[in-house]
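Novice: have a look; sequence and predicted model below, questions after that.
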Amino acid sequence: MLESPFRGLRWQATEPGINLLPKPIQVPDFPAMSVLPDLSAAVGHTPLLRLRQASALTGCEILGKAEFLNPGGSIKDRTALGLILDAEKSGKLRPGGTIVEGTAGNTGIGLALIGASRGYRSVIFMPDTQSREKIDALRVAGAEVRLVPAAPFKDPRHYVHIARAYCESLNEASPGSAWFGNQFDNTANRDWHEATTAVEIWEQTKGRVDGFVCSAGTGGTLAGVGRALKARKSGVKIALSDPTGSALANYINRGELVAEGSSISEGIGSSRVTANFQNAPIDLAWSISDQESVPLLHQLLREEGWCVGGSSGVNLAGAIRLARALGPGHTIVTVLGDAGTRYQAKLFNPAFLREKGIPVPAWLDQAFPS
Ligand code: PMP
C-alpha cells in the first residue's frame with residue numbers, strides 16, 4: 001500500500017477557529033518568508049480590478065472584485081468558509097464530521113475543498129441542470145455528488161429539502177455526525193461577507209466607493225456588503241442586478257415575487273426571499289437579460305483578458321446601469337464571481353448561444369467553426 005506523503009501531518013479540527021485568522025504567518029526558521037498556513041487562509045483578499053471599457057463608457061470608475069481568484073474558483077469559497085467557521089464555533093460541525101449541502105455548485109466546491117483541508121467529508125446535492133464543468137469540479141474536489149431533478153422550492157423534492165433530510169438521517173443514525181450548511185437561510189453567510197468582502201472593498205477603495213451592485217443567489221453577498229458599506233457611508237447606493245427568470249427585481253421594485261423570462265446564468269436569481277436576502281438594504285434593482293449581459297462578458301474577455309462567468313456578466317450590466325443612474329465621476333464596485341471556463345460549453349459555444357437567441361461575436365465563430 002502506498003503511504004501518503006502527508007502522513008502524520010493531517011490537521012485535526014480539534015480547536016475550533018484555529019485557522020480563523022487569514023494572515024500570513026512567519027515561519028520561524030525563515031523569518032523573511034510570508035506564507036499562508038492553509039487553504040482557509042487563502043480565501044478572500046482578492047484584488048479589485050479596474051474594468052477599463054465599462055469605466056470609459058460611463059465616466060465612472062467601475063471596479064470588479066476578482067472573486068474567481070479564490071482557491072476554489074468562486075466567491076462561494078467565502079460563504080463556505082464563513083459557514084464552516086460558524087459551525088465549528090457553535091459545535092454543530094465536529095471533528096471528522098460530514099458536511100451536507102444543497103448547492104448550484106460553487107458553494108459545494110468551496111465546502112468540499114475547505115472541508116478536505118480541515119478533515120471533513122462532503123456530500124453535495126445539486127440540480128441536474130447545472131454545468132458539466134461544475135459537476136466535474138465538485139467530484140474532483142472530493143465531494144460525493146448527488147444529482148437530483150430540478151424542482152420548485154415548494155416541492156419536497158427540491159435539492160435543498162433533500163439535502164436537509166439526508167443530513168437529518170445521518171444524525172439520526174449517528175447523532176452529531178453531520179452538519180447541514182443551509183447557505184440560503186443560514187445568515188452566517190451574510191455575516192461573513194459583511195466582515196470580509198465589504199471590509200476589503202472599503203479598504204481597497206479608501207472609502208471612496210459610491211455604489212455597489214451584484215446579483216443574488218442566496219443574497220449573502222449583496223446583503224452583507226450592502227449592510228457594511230451603508231454602516232460606513234450612509235449615502236452609498238446598493239443595487240441588485242437580477243437575471244431574467246428571477247423574481248427578486250420585481251420584489252424590490254413592486255413588492256411582487258413574480259418572474260418573467262429565463263436566463264442561462266447559473267447560481268443567481270431566486271423565486272423566494274431567503275433569510276440572507278431579507279432586509280438587504282437595496283436602493284435600486286434591474287432585471288438583466290442574457291442578450292444584455294453575455295455580450296458584455298464576451299467583450300471583457302476579448303478586449304481586457306478577463307474570462308468570467310455568467311453572473312459576472314449580469315453584474316457588469318448592473319454596474320453600467322448604476323453608473324448611468326449616478327452619473328459620471330462615481331466609483332462603483334461589483335463582483336466577478338467565478339471564471340468563464342466553468343461554463344465553457346455554454347458561454348463560449350456558438351451553437352448553444354444561437355439556440356438561446358444570444359449574439360455570437362465573430363471571433364467566437366472563428367474560434368469554434370461549426
Ligand atoms: N456568483 C456566482 C458565480 C455564484 O456561484 C453565486 C451563488 N451560487 C452568486 C454569484 C450569488 O451569490 P450569493 O449566493 O451570495 O447571493
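Specialist: Looks like it came in fine. Residues are numbered from 1 along each chain as shown.

Novice: how close does the residue in the stretch 1-150 of the chain that the ligand sits nearest to get to residue 189?
Specialist: Here the stretch 1-150 of the chain gets closest to the ligand at one residue, residue 106, 3.6 Å apart by Cβ to the nearest ligand atom. C-beta coordinates here come from the backbone N, C-alpha and C atoms, glycine included. Per Cβ to Cβ, to the nearest Å, residue 106 is found 13 Å from residue 189.

Novice: thought the residue of the stretch 1-150 of the chain closest to the ligand was touching residue 74?
Specialist: Yes. Counting by Cβ atoms under 8 Å, residue 106 does reach residue 74; the two are 4.0 Å apart.

Novice: and for those two, which residues touch both?
Specialist: The contact sets of residue 106 and residue 74 overlap at 337, 338 (Cβ atoms under 8 Å, 6 or more residues apart in numbering).

Novice: end-to-end on stretch 244-251?
Specialist: End-to-end distance for stretch 244-251, by Cα to Cα, to the nearest Å: 13 Å.

Novice: again, but for stretch 118-134
Specialist: Using Cα to Cα, the two ends of stretch 118-134 sit 22 Å apart.

Novice: quick one: buried residues of that stretch?
Specialist: 118, 120-127, 130-131, 133-134 (16 or more other Cβ atoms under 10 Å).

Novice: one more: stretch 297-309?
Specialist: Applying 16+ other Cβ under 10 Å to stretch 297-309 flags 297, 298, 300, 301, 306, 307, 308, 309 as buried.

Novice: what's the closest of those to the ligand?
Specialist: Of all the buried residues of stretch 297-309, residue 309 has the smallest distance to the ligand: 5.4 Å, by Cβ to the nearest ligand atom.

Novice: wait, doesn't that closest one sit right on residue 346?
Specialist: No. Contact criterion Cβ under 8 Å: residue 309 and residue 346 do not qualify, at 9.6 Å.

Novice: which ones are touching residue 178?
Specialist: Counted by Cβ under 8 Å, 6+ apart, residue 178 has contacts 97, 98, 99, 100, 167, 170, 171.

Novice: next one: it from the ligand, what distance?
Specialist: Applying Cβ to the nearest ligand atom, to the nearest Å, the value for residue 178 to the ligand is 22 Å.

Novice: likewise residue 226?
Specialist: Distance from residue 226 to the ligand, by Cβ to the nearest ligand atom: 11 Å.

Novice: quick one: buried residues of the helix or strand that residue falls within?
Specialist: If you go by DSSP states H and E, residue 226 is part of helix 220-232. If you call a residue buried by 16+ other Cβ under 10 Å, then helix 220-232 has these buried ones: 220, 221, 222, 223, 224, 225, 226, 227, 228, 229, 230.

Novice: what is the subsequent helix or strand relative to it?
Specialist: strand 237-243.

Novice: so what are the sheet partners of that next one and their directions?
Specialist: strand 211-214 (parallel), strand 284-288 (parallel) (DSSP bridges).

Novice: now the last one: how far from the chain's centre is it?
Specialist: Taking Cα atoms, centre = their mean, to the nearest Å, the mean C-alpha location of strand 284-288 is offset from the chain mean by 19 Å.

Novice: who touches it?
Specialist: 213, 237-244, 246, 248-250, 252-253, 260-261, 314, 317-318, 321-322, 325.

Novice: filtering the residues you listed by proximity to the ligand, which remain?
Specialist: Here nothing survives when those are matched to the ligand using Cβ under 6 Å from any ligand atom.

Novice: just the buried subset of those, please.
Specialist: Looks like the contacts of strand 284-288 have 213, 237-244, 246, 248-250, 252, 314, 317-318, 321-322, 325 buried, using 16+ other Cβ under 10 Å.

Novice: tell me where the stretch 101-250 of the chain has helices.
Specialist: Secondary structure of the stretch 101-250 of the chain (DSSP state H, counting those that start in this stretch): helices at 106-118, 132-140, 159-173, 188-195, 197-204, 220-232, 248-254.

Novice: any idea of the angle the second one forms with helix 106-118?
Specialist: For helix 132-140 against helix 106-118, the angle by axes from the mean of the first three to the mean of the last three Cα atoms, to 10 degrees is 20 degrees.
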